[in-house]
Every structure is written in C-alpha cells, then in structure tokens.
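*Asks:* Coordinates for the following, if possible.
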Amino acid sequence: MDADLTDFSAAQQQALCELLILAIYADGHLPTVADEPLPKLLTALGHTEEIARQREVEATVAKLRPLAQFISSAKDRAITLANEFTVRSQQKQMYAAVQPIMTRDEHRSTWENTRLTKLRLKFRK
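*Replies:* Purely as a prediction, here's the structure:
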C-alpha cells in the first residue's frame, strides 16, 4: 500500500489502522507485521522508527483483542470503522488496503467473505 493519507483525518487514519489489524485477525493466519501494509501505513502516519510502529501496533491490538474474540463484535467494529470513510477516493483506498490481506490465501473464512462483500456493497455508489 502506497499510503497517501494527506486527505485523511486523524480519525480516518486510526480507523484504517484498526481495519487492517481486524483484517489480519479475520484472516486467522497471523503473519509477521512486516509482511503487511501496516508498516507503510504507520510510517505515513509519522511513526518512522520501528519501535514507534511496534508500540502503535501493540496498542491497537490490545484495544481490538477483546472484539476479535467475538465475530459479531469484530464485524460491528469493522462496519463502524468503515463509516469513517465518506469520500469515494478514501473508500477505495481503504478497501484496497484491506482486501489483499483478507484474500491472500486459499482459506477464506465466512467472516472474511462477509466483510469484504459488505464493504464492497457499502462503498458501491
């Protein structure tokens, strides 16, 4: 993900970070964070040092961990976060960041397919 977040508000930047982490949880195959678009996003958010990126990921994971244990809670949170994106170009950028994480393997869960379909339908205009 080549992140150009200049037109994203702080709330949208945080929402994108949380959506990416929820997508990683939804995938169920947690790779190293270095394999994800998350480091690029965090660098674009100003976390240029590795330790700062790790702290941000750990803080976001700690916040989302209780939600990720319950599929319905994670689904609700994902839609709430997606609602932060009201401009079509931002919606496309958000979806482009989340979609590859959830479709990278052959083992797509119902949760992954449902989330992607809901996001795709929500942002189709």
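
*Asks:* which regions of this protein lie under the pLDDT threshold?
*Replies:* By pLDDT under 70, the weakly predicted segments of the chain are 1-4, 26-36, 102-125.

*Asks:* Please enumerate the helices of this protein.
*Replies:* With helices called from DSSP state H, the chain shows them at 10-27, 38-44, 50-68, 71-82, 88-102, 110-123.

*Asks:* Packing partners of the fourth one?
*Replies:* Other elements packing on helix 71-82 under the criterion 3 or more Cβ pairs under 8 Å, 6 or more residues apart in numbering; DSSP states H and E are helix 10-27, helix 50-68, helix 110-123. For every residue, glycine as well, the C-beta is placed using N, CA and C.

*Asks:* buried ones in the second one?
*Replies:* Judged by neighbour count (16 or more other Cβ atoms under 10 Å), helix 50-68 contains these buried residues: 53, 56-57, 60-61, 64, 67-68.

*Asks:* from the helices of the chain, which stretch is densest packed?
*Replies:* Highest mean neighbour count among those (mean count of other Cβ atoms under 10 Å): helix 10-27, with a mean of 20.

*Asks:* by how many degrees do that one and helix 88-102 diverge?
*Replies:* Between helix 10-27 and helix 88-102, the angle comes out at 20 degrees (axes from the mean of the first three to the mean of the last three Cα atoms, to 10 degrees).

*Asks:* hey, C-alpha coordinates of helix 10-27 in CSV?
*Replies:* Taking only C-alpha atoms (Å, rounded to 0.1, in the frame of the first residue of the first chain), the coordinates of helix 10-27 have been written out as CSV:
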residue,chain,number,x,y,z
ALA,A,10,-6.8,11.7,12.3
ALA,A,11,-9.9,9.6,13.0
GLN,A,12,-9.8,8.1,9.5
GLN,A,13,-6.1,7.3,9.8
GLN,A,14,-6.8,5.5,13.1
ALA,A,15,-9.8,3.7,11.6
LEU,A,16,-7.7,2.5,8.7
CYS,A,17,-5.0,1.1,11.1
GLU,A,18,-7.7,-0.7,13.1
LEU,A,19,-9.4,-2.1,10.0
LEU,A,20,-6.0,-3.5,8.8
ILE,A,21,-5.5,-5.2,12.2
LEU,A,22,-9.1,-6.5,12.2
ALA,A,23,-8.4,-7.9,8.7
ILE,A,24,-5.3,-9.6,9.9
TYR,A,25,-7.3,-11.2,12.8
ALA,A,26,-10.1,-12.2,10.4
ASP,A,27,-7.6,-13.9,8.1
